[in-house]
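Participant: Provided below are the primary sequence and the corresponding predicted coordinates.
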Amino acid sequence: MNFLKGSKLYSVLTGTCPVCQEESMYKDPNPYHISRIFDMHTRCSNCGTRYKMEPSFFFGAMYVSYAVGIAFATAAFVISYWLLELSLLISFFAIVITLVIFLPIIVRWSRNIWVNFFFTFDPKKTKN
């Protein structure tokens, strides 16, 4: 995924600092460790970027989470109903199961997208 380095997409997908893209923003990079899903570093150890600019900063990620969840649900519906030609009831269950399974990813990606609205990549702050 290094070919994307320097783009916001790289930071969103990898959960790295949006400014230098050198360090993970999360203390535990595995989103499926549910008890630590929200544990983030306060600052980037490489460039010093402070991730949480104000109290309740990541409440805005809830709005992003809604959109990301809709994207996952739509993909589950298209795959189950249109491609696999399952019934509407089975497609509904496929959507619910998809959202439950991907909930930790949706939460992390939503936070990553939200923080990337406010920061821009700076190549001068990278280690290389």
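Facilitator: Arrived safely, thanks for sending.

Participant: measure residue 23 to residue 37 for me?
Facilitator: Residue 23 sits 18 Å away from residue 37, going by C-beta to C-beta, to the nearest Å. To be clear about C-beta, it is placed using only N, CA and C from the backbone, and glycine gets the same treatment.

Participant: Next, the buried residues of the top helix by length along the chain.
Facilitator: For the chain, the longest helix by residue count, based on DSSP state H, is helix 61-77. Neighbour-count burial for helix 61-77, counted by 16 or more other C-beta atoms under 10 Å, picks out 61, 64-65, 68-69, 72-73, 76-77.

Participant: What helix or strand is the residue most central in space within the chain located in?
Facilitator: Nearest to the geometric centre of the chain sits residue 109, at 0.8 Å (C-alpha atoms, centre = their mean). Per DSSP states H and E: residue 109 is located in helix 103-116.

Participant: contacting residues for residue 57?
Facilitator: By C-beta atoms under 8 Å, 6 or more residues apart in numbering, the contact list for residue 57 is empty.

Participant: For it, give its distance to residue 77.
Facilitator: For residue 57, the distance to residue 77 (C-beta to C-beta) stands at 32 Å.

Participant: ditto for residue 118
Facilitator: Distance from residue 118 to residue 77, counting by C-beta to C-beta: 32 Å.

Participant: Check residue 61 too.
Facilitator: Counting by C-beta to C-beta, the gap from residue 61 to residue 77 is 24 Å.

Participant: May I have the residues that are in contact with residue 23?
Facilitator: Here residue 23 is in contact with 16-17, 41, 44-46 (C-beta under 8 Å, 6+ apart).

Participant: Can you flag the buried ones in the residues you listed?
Facilitator: The neighbour count (16+ other C-beta under 10 Å) marks 16-17, 41, 44, 46 as buried among the contacts of residue 23.

Participant: which among these gets closest to residue 90?
Facilitator: Within the buried ones among the contacts of residue 23, the smallest distance to residue 90 is 38.0 Å, found for residue 16 (C-beta to C-beta).
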